[in-house]
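Engineer: take a look and give me a structure for this.
(chains A, B, C and D)
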There are 2 protein chains.
Amino acid sequence: MLAIGEFSRLTHLSIRTLRRYHEGGLLEPELVDASSGYRYYSADQIPVAQVIHRLRELDVPLADVRRILGTSDPDARAALVAAHLSRLEAELARTRHAVTSLRRLLTPEPAPLHVELRAEPETMVAAVADDVSTGDVAAWFAGAMSELDAVLGPSAEHGPAGGLYDNSLFEHGRGRLLLYRPSAAPPQRGRVHPVHLPAVELAVTTHHGDHDDADVTYGQLGAWVVANALTVAGPVRERYLVGPRDTDDVAAWRTEIGWPVFRVASEAPHP
Amino acid sequence: MLAIGEFSRLTHLSIRTLRRYHEGGLLEPELVDASSGYRYYSADQIPVAQVIHRLRELDVPLADVRRILGTSDPDARAALVAAHLSRLEAELARTRHAVTSLRRLLTPEPAPLHVELRAEPETMVAAVADDVSTGDVAAWFAGAMSELDAVLGPSAEHGPAGGLYDNSLFEHGRGRLLLYRPSAAPPQRGRVHPVHLPAVELAVTTHHGDHDDADVTYGQLGAWVVANALTVAGPVRERYLVGPRDTDDVAAWRTEIGWPVFRVASEAPHP
DNA sequence: CTGGTGTCTCCCCCGGGGGGAGAGTCCACC
DNA sequence: GGTGGACTCTCCCCCCGGGGGAGACACCAG
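Structural biologist: The predicted structure follows:
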């Protein structure tokens, strides 16, 4: 039987943290003296504590640690751990992206933005739409795109795919996403269904390269829209002219970003 | 002039977060209406907001973001950013290590631990010692080791280097570290100074491989010590028999871990 | 002028940890 | 068998960087 201090030394977990893990039902001491409240641990609990320590180092939330520890089946347990490792992978990718885009932000932008105003007609499309949190956007996007491809086939006869991004996605971290491919007679299958995209006036620019730093372009476009005295309205539109399906050369990717505006008729846009 | 909601849409920062950044002096609105308290931003602030956004994605603390933004000299700014990127590198290494060691923890340990009791005589060493936080241990270790090497020369004539780890390092996240190399007549230069390591009775085992999962071995050794009814006392000792200076083959590394004990004379250790 | 939407402040909550106060316990030594 | 020092207990407050929601005010188009 080990007192908490000794157990702390053996596991490299602080006394405070051990107490917290007890409260949280993560690591119950083998024995708690009823009169003094002293916690006593057994040597068998050392490896358990170490597993917890490791998982916490990997930023696995305590609730998930509890779940992992509560799973006796080693396969199921391994699956839970693997899930977290893939979460880490995603995290890492996100970090890499942020670094790239930070670099772009900090090196001054030489090329001025080319923006044009364009009247987009009403369009019939096959679409997948959902309410999504910002963290899930990448995964949702991949799923929706492959579902669209599965239903419509790979050919892009009617033009490139596109997406609509609700503003609340950026303001509140959650909002409606709509991913579409143009189609004269869109089928209704699975999540794919026909949608009439309404006609809209757009301020359009083209983003070059990886999608990671697209929001830099977003910001530039937004600044342009503001500078040209146009009011913003409705969801932002994207159109994937050249993307991962077309080429592996990231530098060649082209994404059109369209910011819906109310044109101020008398005002001629100036660069 | 952009109201906060519009600015939020343009920068993909939530309104709440923008307000927080204002309070924190990170991003002051261009204008705050004195009577209504309404915040108004200018389009010029969009790129600033985006830089903040990126840095936060990289988990740069707000205080550091403030410092980076407050640095007008682009070189100094680049240096600050680079510092954070290298912090990320370190973080990544730590994560990789945790994964390795978690794997070891979850695969059952076949080989039982070989532990021997050993009376360590008093030793004269050249040492570097400091109070260090757990997060800084790796960096401190590298620095101290190269300082020792610089002062003593590369030859290891008097035996391998070693270290002493104060218990409070594990209990409170901060404690005294001492790194030494044996030396008959230790010089006093820079941080290097002569130290008499006191004689001590140790329970010793050898850790194989990378240092990342050394604490698994620590735990096993600790469990052994507890099981064999010896009381723990004083700082843990390590000795680097085979390490990165000797070979690049991580699997060949050997670290001796010595747990100071008060031998209970009558008790024969059982495996 | 009026209603809807935007914005304000204020307080509470989250997770995962740390600091410190004040009281009670354990145990080795005398 | 005391006693002092080390250990442990609970409790409250703080950190960071966010989010939720209430209730009051401001803005602006019809």
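
Engineer: what is the neighbour count of the closest residue to DNA strand C within the stretch 151-271 of chain A?
Structural biologist: Going by CB to the nearest atom of the strand, DNA strand C is nearest to A:E171 of the stretch 151-271 of chain A, at 8.1 Å. C-beta here means a position set from N, CA and C on the backbone, and glycine is covered the same way. A:E171 has 19 neighbours, counted by other CB atoms under 10 Å in any protein chain shown.

Engineer: quick check, it in a strand?
Structural biologist: No - A:E171 is assigned helix when assessed by DSSP: H, G, I helix; E, B strand; the rest coil, not a strand.

Engineer: contacts only, for it.
Structural biologist: Counting by CB atoms under 8 Å, 6 or more residues apart in numbering or on different chains, A:E171 touches B:G5, B:S8, B:R9, B:S14, B:I15.

Engineer: please tell me how far it sits from B:R56.
Structural biologist: 16 Å (CB to CB, to the nearest Å).

Engineer: also A:A111?
Structural biologist: 27 Å.

Engineer: tell me which of these two has more neighbours.
Structural biologist: B:R56 (17 against 6).

Engineer: host element of the closest residue to the more buried one other than its chain neighbours?
Structural biologist: Excluding its sequence neighbours, the residue lying closest to B:R56 (CB to CB, 6 or more residues apart in numbering or on different chains) is B:V65, at 6.8 Å. Using DSSP states H and E, B:V65 sits within helix B:62-70.

Engineer: residues of whichever helix or strand comes after that helix that come out buried?
Structural biologist: Next helix or strand after helix B:62-70 toward the C-terminus (DSSP H and E): helix B:74-106. Of all the residues in helix B:74-106, those buried under the rule 16 or more other CB atoms under 10 Å in any protein chain shown are B:77, B:80-81, B:84, B:88, B:95, B:97-102, B:104-105.

Engineer: then stretch A:4-16?
Structural biologist: Applying 16+ other CB under 10 Å to stretch A:4-16 flags A:I4, A:E6, A:F7, A:S8, A:R9, A:L10, A:T11, A:H12, A:L13, A:I15 as buried.

Engineer: need the max-distance pair from those residues.
Structural biologist: A:I4 and A:H12 (13.4 Å; CB to CB).

Engineer: which residues touch the top strand by length along chain A?
Structural biologist: The longest strand of chain A (DSSP state E) is strand A:123-133. Residues outside strand A:123-133 that contact it (CB under 8 Å, 6+ apart) are A:140, A:144, A:147-148, A:151-152, A:162, A:169, A:173-184, A:186-187, A:191-197.

Engineer: quick check: buried residues in that strand?
Structural biologist: For strand A:123-133, by 16+ other CB under 10 Å, it's A:T123, A:M124, A:V125, A:A126, A:A127, A:V128, A:A129, A:V132.

Engineer: quick one on the thing from earlier: contacts only, for the residue nearest to B:R56.
Structural biologist: B:V65 is in contact with B:L26, B:I52, B:L55, B:R56, counting by CB under 8 Å, 6+ apart.

Engineer: from these, pick the one nearest chain A.
Structural biologist: Distance to chain A across the contacts of B:V65 (CB to the nearest CB) is lowest for B:L55, with 7.0 Å.

Engineer: surely the closest one touches A:V99?
Structural biologist: No - using CB atoms under 8 Å, B:L55 makes no contact with A:V99, being 10.5 Å away.

Engineer: ok, residues contacting the strand or helix carrying A:E238?
Structural biologist: Here A:E238 is covered by strand A:236-242, with elements defined by DSSP H and E. For strand A:236-242, the external contacting residues (CB under 8 Å, 6+ apart) are A:120, A:160-165, A:167, A:200, A:202, A:206, A:218, A:252-260.

Engineer: cool, and stretch A:206-223?
Structural biologist: Outside stretch A:206-223, the residues that touch it by CB under 8 Å, 6+ apart are A:97-98, A:100-101, A:104-105, A:109, A:113-115, A:203, A:205, A:232, A:236, A:241, A:250-251, A:253-257, A:259, B:9-12, B:43-44, B:46-47, B:49-50, B:53.

Engineer: would you mind measuring from the residue in the stretch 51-200 of chain A that DNA strand D sits nearest to to A:L179?
Structural biologist: Here the stretch 51-200 of chain A gets closest to DNA strand D at one residue, A:G173, 4.8 Å apart by CB to the nearest atom of the strand. Distance, A:G173 to A:L179, using CB to CB: 19 Å.

Engineer: now the terminal residues of stretch A:113-130, how far apart.
Structural biologist: By CA to CA, to the nearest Å, the extent of stretch A:113-130 from end to end equals 31 Å.

Engineer: pLDDT on that stretch, on average?
Structural biologist: Averaged over stretch A:113-130, pLDDT sits at 91.

Engineer: C-alpha coordinates for stretch A:89-102, PDB please?
Structural biologist: Extracted C-alpha coordinates of stretch A:89-102, given in PDB (Å, rounded to 0.1, in the frame of the first residue of the first chain):
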ATOM      1  CA  GLU A  89      -2.700  13.100 -37.300                       C
ATOM      2  CA  ALA A  90      -5.500  15.500 -38.300                       C
ATOM      3  CA  GLU A  91      -4.300  18.000 -35.700                       C
ATOM      4  CA  LEU A  92      -0.800  17.800 -37.100                       C
ATOM      5  CA  ALA A  93      -2.100  18.400 -40.600                       C
ATOM      6  CA  ARG A  94      -4.000  21.400 -39.300                       C
ATOM      7  CA  THR A  95      -0.800  22.700 -37.700                       C
ATOM      8  CA  ARG A  96       1.200  22.300 -40.900                       C
ATOM      9  CA  HIS A  97      -1.500  24.200 -42.800                       C
ATOM     10  CA  ALA A  98      -1.500  27.000 -40.300                       C
ATOM     11  CA  VAL A  99       2.300  27.300 -40.700                       C
ATOM     12  CA  THR A 100       2.100  27.500 -44.500                       C
ATOM     13  CA  SER A 101      -0.600  30.100 -44.400                       C
ATOM     14  CA  LEU A 102       1.100  32.100 -41.600                       C
END
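
Engineer: anything in it near DNA strand C?
Structural biologist: No - Stretch A:89-102 lies out of reach of DNA strand C by CB under 7 Å from any atom of the strand, never closer than 14.1 Å.

Engineer: does at least one residue of that stretch sit close to DNA strand D?
Structural biologist: No - legend: contact between stretch A:89-102 and DNA strand D by CB under 7 Å from any atom of the strand is lacking; minimum distance shown is 12.4 Å.
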